[in-house]
Every structure is written in C-alpha cells, then in structure tokens.
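Colleague: Need a 3D model of the following:
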Amino acid sequence: MTTSTASPETPLGAALPVPGRPAADIDTARVSYLVRQLLIALGEDPAREGLIGTPERVAAWWSNFLSPDDATSVTCFSEPLLSDQLVVVGGMSVWALCEHHMLPMNLEVTAGYVPDGEVVGLSKFGRIAAHFAGRLQVQERFTKQVAEYLTGVIGRKDVAVAVRGLHLCMSMRGVRMEAARTTTLHAGGRFGTDPVLNQQFLAAAQWNAA
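Modeller: Model prediction:
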C-alpha cells in the first residue's frame, strides 16, 4: 500500500492554488455581530424568542463550513496487474456556496480514471470533493479543481469528472426554475482522445446519477 498526494508530503488541497479560499482564522465573534446587524436591518428583533442565539449559530456554521480538513492524504493501493480498466466513482453529493449570491448549490459528482499499477482508495474521492466544495465556489472551477487534484494523485491526465449541480441562486431567485440543473465535464488525457472510453465514462456517470 502506498500513500500519495498531489505533491510529496503535501496535505489535501495545499498542492494547488485555490481561488476564493477562506483565511485560516474566521472571526466568529464578528460574524455573529454582523448577522445580528443583518437581522436588525431586515426588520427583525434578534432578542425575540426564536432568534435568540441565531447569530452565534450562524457564525458557528460559517466557521465549520469554511474550514475543510486539509490533513487528509490520498491512499493508493498497489495493483501491478491492473491496467486499462475504467474505474468510475459516483453518487457523491456535496454542498458548496455560490460566490455570486452566497446561496447553496448541491453538486453531484462522478469521477473516473484508468489505473496503472495502483488504485486510489475509494473513500478519498468523496473527501476530495468535500474539500473543494467547502468554500465560496462556482461549479466550473470546482470541477476543474477536483480533476486537477486527481490528475496529480495518479500522475497522469487520464481523469474525467462530471458534475451535475442544483443552484438555489437559480431555483429560488431570478428566473426561479426549480428543475434547472447545470452539468460540467472535464475529460483529460485518454478521456479526451478516446471516444469509446469517453462514452463509457459518460454512460457510467449517467447510470450513477439515475
């Protein structure tokens, strides 16, 4: 068994520049104060029953959500006889926050790669997706970040990532289209040049999403 990261001895997420990443220290006291001021500006009374403690709870949530674990390494298992086998991991659902409106978006992630002598621990795919989701994001950047990190882990560009997103900024504001979904796809290496492999991944991704 081997343990690999995108660069040697580098914690998850530190190997790539991550735009929009929050600062290490979140001032929860100030966030709580600002939430209290927001409630007042909205015509609410933070001291009324039901809102008592709300600013503190909201601040604690922000701190928790914007502090994804950086210490998770990516475990790979040696499988010298494996090659040219498509591995697809789907059913991963993570929440991120749209950086344009600060509203939630649910991202359903499917990732695929072609092993060459070793396989990536399956649970790590979900950890990687959750790490890059825990911030102010856009779906397009998220898809690229997950794909680039997996590329660094396996050491080759033979990585595909498909993401299907439900954006509350589109469902509950603006056009208010509740059924709207956004799909983004990264097809690197052989996934971009081999149409059969690409179609196999897309078929598996669609099956996982069913």
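
Colleague: how far is stretch 153-164 from where the chain is centred?
Modeller: Relative to its parent chain, stretch 153-164 has a centroid offset of 13 Å by Cα atoms, centre = their mean, to the nearest Å.

Colleague: buried ones in it?
Modeller: 153, 154, 156, 157, 158, 159, 160, 161, 162, 163, 164 (16 or more other Cβ atoms under 10 Å). Just so you know, the C-beta spots here come from the backbone N, C-alpha and C atoms, and that holds for glycine as well.

Colleague: quick one: which of those is nearest to residue 178?
Modeller: residue 164 (15.0 Å; Cβ to Cβ).

Colleague: is it true that residue 132 touches residue 149?
Modeller: Yes. At 7.4 Å, residue 132 and residue 149 qualify as touching, with contact defined as Cβ atoms under 8 Å.

Colleague: Compare those two (neighbour count), which wins?
Modeller: Using other Cβ atoms under 10 Å as the criterion, residue 132 and residue 149 rank with residue 132 on top: 26 against 23.

Colleague: what about that one, which SS state?
Modeller: Under DSSP: H, G, I helix; E, B strand; the rest coil, residue 132 falls in the helix class.

Colleague: Which residue, other than its chain neighbours, is closest to it?
Modeller: For residue 132, ignoring the flanking residues on the chain, the nearest one in space by Cβ to Cβ, 6 or more residues apart in numbering is residue 145 at 4.6 Å.

Colleague: do the same with residue 130
Modeller: residue 94 (5.2 Å).

Colleague: Could you point out the helix or strand that follows the helix or strand the one you found falls within?
Modeller: Using DSSP states H and E, residue 94 sits in strand 87-98. Where DSSP H and E defines the elements, the next helix or strand beyond strand 87-98 is strand 104-113.

Colleague: Let me know the angle separating that following strand from strand 87-98.
Modeller: Orientation of strand 104-113 against strand 87-98 (axes from the mean of the first three to the mean of the last three Cα atoms, to 10 degrees) gives an angle of 160 degrees.

Colleague: Check which helices and strands strand 104-113 is in contact with.
Modeller: Strand 104-113 is packed against strand 87-98, helix 122-133, helix 139-154, strand 159-167, helix 168-171, helix 195-209, with contacts defined by 3 or more Cβ pairs under 8 Å, 6 or more residues apart in numbering; DSSP states H and E.

Colleague: Tell me the confidence at residue 179?
Modeller: For residue 179, the pLDDT comes out at 82.

Colleague: Now do the SS call for it.
Modeller: coil.

Colleague: In this structure the residue nearest to residue 132 contacts residue 133, no?
Modeller: No. Residue 145 is beyond contact range of residue 133, at 9.6 Å (criterion: Cβ under 8 Å).

Colleague: Show me this structure divided up by domain.
Modeller: Domain assignment of the chain by automatic domain parsing yields the ranges 28-65, 76-209.

Colleague: after the helix or strand of the chain with the lowest mean pLDDT comes which helix or strand?
Modeller: Every helix and strand of the chain was ranked by mean pLDDT, DSSP states H and E. The lowest is strand 2-4, at a mean of 34. Counting by DSSP H and E, the element after strand 2-4 in chain order, helix or strand, is helix 28-41.
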